[in-house]
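Chemist: sequence plus the predicted model coming up.
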Amino acid sequence: MFAALRGSGQDMSRRVRQRVEENKVVSPSFPVTGDDEDLAGKAQAYVDWTSLSYDTVLLLFTRLNYRDRASLASTCRTWRCLGASPCLWSSLDLRPHKFDLSMAASLATRCVDLQKVRFRGLDSADAIVNLRARNLREISGDYCRKITDATLSMIAARHEALESLQLGPDFCERITSDAIKVIAFCCPKLRKLRLSGMRDVNSEAIESLAKHCPQLSDVGFLDCLNINEEAVGKVVSLRYLSVAGSINMNWRIATENWEKLPRLTALDASRTAIDHISVSRLLKSSQSLKVVCALNCPLLEHDVSFSSDRFKGKLLIAMFNNTLNGLASKFDDNSKMPKDIFAYWRDLISKDKSIDETMRWIEWIISHSLLRMAESNSQALNSFWLNQGAKLLLTLMQSSQEDVQERAATGLATFIVVDDENASIDCGRAEAVMRDGGIRLLLKLAKSWREGLQSEAAKAIANLSVNANVAKAVAEEGGIIVLAGLAKSMNRLVAEEAAGGLWNLSVGEEHKNEIAEAGGVNALVELIFRWPNGCDGVLERAAGALANLAADDKCSTEVARAGGVHALVMLARNCKYEGAQEQAARALANLAAHGDSNNNNAAVGQEAGALEALVQLTKSPHEGVKQEAAGALWNLSFDDKNRESIAAFGGVEALVALAKSCSDASTGLQERAAGALWGLSVSEANSIAIGHEGGIPPLIALAGSEAEDVHETAAGALWNLAFNPGNALRIVTEGGVIALVHLCSSSVSKMARFMAALALSYMFDGRMDEYAMIGPSSAESASKSVSLGGARTKALKHIEGFITTFMEPQVFAAAALSSTPSMLAQVSEKVRIPEAGHLRCSASEIGRFVTMLRNPSSILKACAAFALVQFTIPGGRHAMHHASLMQNAGEARILRSAAAAANMPREAKIFAKIVLRNLEHHQAECSKGKNRI
């Protein structure tokens, strides 16, 4: 008997993210025919790329990252000259690609006039000096945790013209005040300095800035542990100051010194311990101070009596104020201001320079604080997010400042997440984003040519799509086509987030086919080949999405056609990251789950190294990997060749060891370990090997599980194993009778009770008794002392009790008197176990039940007839197969004899008549099929 396949329709729970040698598969090509061929010919005839104006070509270059610019410039001499134009190399975003010393050296000749650079991580920071861009004005970096004083000092020393330096929002834990002193000394033209997460900013460092950087007007020491408040008061050039998240501030000292700063226009004290006394004093005493931002400041918010209305012409941005309304007061005519003051300001043709500068600063500091608040994942902020936080993030995503847009999109992706580990999001927040037009806006950003925006927008879309309503809205707005396109990006970060979006959208049946039609399957498969090593996030997300898609019959065929089997097997064999291993194994399990409808099961088994890799993954230290690998082996064992190959690669030993070790594991792992042994035990040789390897005791233990899926699967494995008399005796010896009779009488699963009853019927139909008398080994000889008589009595009692639960007295009494088709159909409907139709038996198993009809025990006769009813009821997945086996073996004669025998119990006679009726039905159906042919 073979287990029903697992995996079809098994989608992985969605995933959310808070922050975050090439073997190409050639997709099938299709010939161009008819009108398409004419159009293709016309396109080739009329498009002359060399005829484009230089301005158009330059505009095209501006939309590309530096690698694509270099690639495009290599096409011809003219474009090579245009590609080297200084206007194209005034700004570089190095974050999406690997940027090291060799790459810096190759770009150096183009970077003479470089003005602005954005980088990510320590390696890129070290390489910046090799660009030899001595005129660099702006440097911005993220993921800066590993950057040291030495690296930062070298950057400062090589770029004396530097005007802006920003590192964050990740903490710069290794940067000290010594580096700030070097920056101050080497960069006298510095106007803006923003650093996140420093441990200590001492007086010497700040006084160096005051002394050497006379134009320094914008300083941000964000999320720092200690800042010398008095020294900050000496930087008289300051206009904009942010100390957001710096929790150890002494606000009495800060207020005394900062109120005297002659040019201080705006102060950001968000996420600090500032109180209403300090806020009031600063706004009242400072003549220049116009704006104080104090978002998420508990001491200020707890004072319900405090009001900022008395400070005329000054603005307090706090969670208890309406930020957008407050900002409107910064403009002269605020009586008819729209709801989105940021949009109003951006659209102004004639702008006040001072207000424009202040609004840009406000955008920056609010986006930073909202991101930090989102990362804190505090439920206390729920009201704020629903009332104004979500709207603020959406309006900030429309900023002209790219870093503000990115940070707002990241904040949007983060604030909806309740539990990152379990992929849980706040539905109210997610739907608030959708209600305020967030989906359309995110998709617009995702279609931007800026890869940083593409990445963050795709991440937000992915997280939002955990919510089914939002996922539907994303699909309706064309989001699937957008994500499928982004998944083809050569930018790893963009492709990774897009794959995550497709992973979440592929949960359930709603969007699978649409993803396939949009080219998502090919894009996901190609991702695995494009980044086979060192890109764990890409690989996990691509494999996870393919696993979901493979749960659909049609999509599973598409995955295989696109080269997905080879890609996933390569991943299972070579990748060391457990997340990617788990998803690759799950994808292979789902591909193999459609054994009746396509040949993917056999195809996976035939792929070089597939079965061996899955057997090895069952030995992984990570439970999720072991679970999915065992599930894949369970499904693959449906195929006869796969079953024997799994055993040849050590599958029996590995799975028995897994079953022994999973007593305290998750129910998912327990079920799949038992299921894989169930599948392998279809083979007589494997069944014997499982018994010899010690597989029976752990299966008996799993049969005692309270989890329905676990004990049902274990019962199926024990049923298969009990077919062999040696195994049957081991089951008795190891105490399996107690476990099986308990299942037979107590399980809420009809299938578990059914298979437990069948296992017991195998064990006590007489074959085990003969084996026990002859047992060849010493171990088996010792087991003869076991009292088989008592075990047999207990087993038969519970088998009888199981069958009795299906026997409605009035119906059976009527059926005994009249065996009309309608009466037999009524009995058949009463006794039917729908799930039993998924079980597939071999000829020897069917033959054993037929033989059991002649057993001296009336209970076993009834049990055998009951089992044959279940296996032949029309509509069962393998009913036709079972009927064919019985017809070919001439079993109808024995059934007719049993139906007429005087010594046959009443219920067994009725069941035998039903089986005969089922055989006639299948024979008639088979004849109809032949006639149609």
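Modeler: It's in. Residues are numbered from 1 along each chain as shown.
Chemist: and the helix or strand harbouring residue 866, what other elements does it pack with?
Modeler: Assigned by DSSP states H and E, residue 866 belongs to helix 858-872. On a contact count with 3 or more Cβ pairs under 8 Å, 6 or more residues apart in numbering; DSSP states H and E, helix 858-872 meets helix 750-763, helix 788-804, helix 821-831, helix 843-852, helix 879-888, helix 891-900, helix 906-932. In this view, the C-beta of every residue, glycine as well, is placed from N, C-alpha and C.
Chemist: how far off helix 906-932 does it point, in degrees?
Modeler: Orientation check (axes from the mean of the first three to the mean of the last three Cα atoms, to 10 degrees): helix 858-872 against helix 906-932 gives 20 degrees.
Chemist: before we move on, back to that, how about the helices and strands packed on helix 858-872 in CSV, adding distance to residue 312, mean pLDDT and mean neighbour count?
Modeler: Formatted as CSV, the helices and strands packed on helix 858-872 follow (distance: least, Cβ to Cβ, whole Å; pLDDT from 0 to 100; neighbours: other Cβ atoms under 10 Å):
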stretch, distance to residue 312, mean pLDDT, mean neighbour count
helix 750-763, 77, 96, 27
helix 788-804, 85, 92, 18
helix 821-831, 83, 91, 15
helix 843-852, 91, 95, 19
helix 879-888, 85, 94, 20
helix 891-900, 99, 92, 17
helix 906-932, 89, 86, 18
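Chemist: redo the ones you listed as a markdown table? Include distance to residue 181.
Modeler: As requested, the helices and strands packed on helix 858-872 are exported to a markdown table (distance: least, Cβ to Cβ, whole Å):
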| stretch | distance to residue 181 |
| --- | --- |
| helix 750-763 | 73 |
| helix 788-804 | 84 |
| helix 821-831 | 87 |
| helix 843-852 | 83 |
| helix 879-888 | 82 |
| helix 891-900 | 94 |
| helix 906-932 | 89 |
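Chemist: surely residue 136 and residue 159 touch.
Modeler: Yes: using Cβ atoms under 8 Å, residue 136 makes contact with residue 159 at a distance of 4.7 Å.
Chemist: distance from stretch 525-541 to the middle of the chain?
Modeler: Here the centre of stretch 525-541 is set off from its chain's centre by 14 Å, with Cα atoms, centre = their mean, to the nearest Å.
Chemist: what ranges in this structure fall below the confidence cut-off?
Modeler: Residue ranges of the chain with pLDDT under 70: 1-50, 66, 304, 308-309, 328-339, 595, 774-786, 929-933.
Chemist: and residue 51, how many neighbours?
Modeler: Per other Cβ atoms under 10 Å, the neighbour tally for residue 51 reads 7.
Chemist: okay, it and residue 60: tell me how far apart.
Modeler: Distance of residue 51 to residue 60, computed by Cβ to Cβ, to the nearest Å: 14 Å.
Chemist: buried stuff in stretch 512-532?
Modeler: Residues of stretch 512-532 classed as buried by neighbour count (16 or more other Cβ atoms under 10 Å): 512, 515-516, 518-532.
Chemist: what separates it from the chain centre, distance-wise?
Modeler: The answer for stretch 512-532 is 15 Å, by Cα atoms, centre = their mean.
Chemist: ok, now stretch 915-933?
Modeler: The answer for stretch 915-933 is 47 Å, by Cα atoms, centre = their mean.
Chemist: go on, stretch 467-487?
Modeler: Mean-position distance between stretch 467-487 and its chain equals 16 Å (Cα atoms, centre = their mean).
Chemist: measure the nearest residue to residue 440 once chain neighbours are set aside to residue 441 for me?
Modeler: With sequence-adjacent residues excluded and distances taken as Cβ to Cβ, 6 or more residues apart in numbering, residue 440 is closest to residue 477, at 5.8 Å. Separation of residue 477 from residue 441 (Cβ to Cβ) stands at 10 Å.
Chemist: so these two - more neighbours on which side?
Modeler: residue 441 (20 against 17).
Chemist: where's the more buried one, which helix or strand?
Modeler: Counting by DSSP H and E, residue 441 is found in helix 438-446.
Chemist: can you name the element that comes right after that helix?
Modeler: From helix 438-446, the next helix or strand downstream (DSSP H and E) is helix 451-464.
Chemist: tell me what that following helix is packed against?
Modeler: helix 402-415, helix 427-435, helix 438-446, helix 468-476, helix 479-486, helix 492-505.
Chemist: can I get that helix in PDB, CA atoms only?
Modeler: Below are the C-alpha coordinates for helix 451-464, written out as PDB (Å, rounded to 0.1, in the frame of the first residue of the first chain):
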ATOM      1  CA  GLU A 451      17.700  50.800  -8.200                       C
ATOM      2  CA  GLY A 452      17.800  51.900  -4.500                       C
ATOM      3  CA  LEU A 453      14.100  52.900  -4.800                       C
ATOM      4  CA  GLN A 454      13.300  49.700  -6.800                       C
ATOM      5  CA  SER A 455      14.700  47.600  -4.000                       C
ATOM      6  CA  GLU A 456      13.000  49.400  -1.100                       C
ATOM      7  CA  ALA A 457       9.600  49.600  -2.900                       C
ATOM      8  CA  ALA A 458       9.700  45.900  -3.800                       C
ATOM      9  CA  LYS A 459      10.500  45.100  -0.100                       C
ATOM     10  CA  ALA A 460       7.400  47.100   1.000                       C
ATOM     11  CA  ILE A 461       5.200  45.500  -1.600                       C
ATOM     12  CA  ALA A 462       6.400  42.000  -0.500                       C
ATOM     13  CA  ASN A 463       5.600  42.700   3.100                       C
ATOM     14  CA  LEU A 464       2.300  44.200   2.400                       C
END
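Chemist: can you give me how far it is from the chain middle?
Modeler: 15 Å.
Chemist: same question for stretch 823-830.
Modeler: Centroid separation for stretch 823-830 versus its chain: 47 Å, with Cα atoms, centre = their mean.
Chemist: just stretch 340-356 next, same as before
Modeler: The answer for stretch 340-356 is 41 Å, by Cα atoms, centre = their mean.
Chemist: for that stretch, measure first residue to last.
Modeler: One end of stretch 340-356 sits 16 Å from the other (Cα to Cα, to the nearest Å).
Chemist: residues of it that come out buried?
Modeler: Buried, per 16+ other Cβ under 10 Å, within stretch 340-356: 340, 341, 342, 344, 345, 346.
Chemist: same deal with stretch 300-320?
Modeler: Buried-residue list, stretch 300-320, by 16+ other Cβ under 10 Å: 300, 301, 306, 308, 311, 314, 315, 316, 317, 318, 319.
Chemist: ok so, going back, mean neighbour count, the helices and strands packed on helix 451-464: which tops it?
Modeler: Comparing the helices and strands packed on helix 451-464 by mean neighbour count (mean count of other Cβ atoms under 10 Å), helix 492-505 comes out on top with a mean of 29.
Chemist: now for it, which elements pack on it?
Modeler: helix 451-464, helix 468-476, helix 479-486, helix 520-530, helix 536-550.
Chemist: got the CA positions of the helix or strand just after that helix in PDB?
Modeler: Using DSSP H and E, the helix or strand that follows helix 492-505 in sequence is helix 512-517. Output of helix 512-517 as PDB, limited to C-alpha atoms (Å, rounded to 0.1, in the frame of the first residue of the first chain):
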ATOM      1  CA  LYS A 512       0.100  31.500  -9.300                       C
ATOM      2  CA  ASN A 513      -0.900  31.300 -12.900                       C
ATOM      3  CA  GLU A 514      -0.700  35.100 -13.300                       C
ATOM      4  CA  ILE A 515       2.900  35.000 -12.000                       C
ATOM      5  CA  ALA A 516       3.700  32.200 -14.500                       C
ATOM      6  CA  GLU A 517       2.100  34.200 -17.400                       C
END
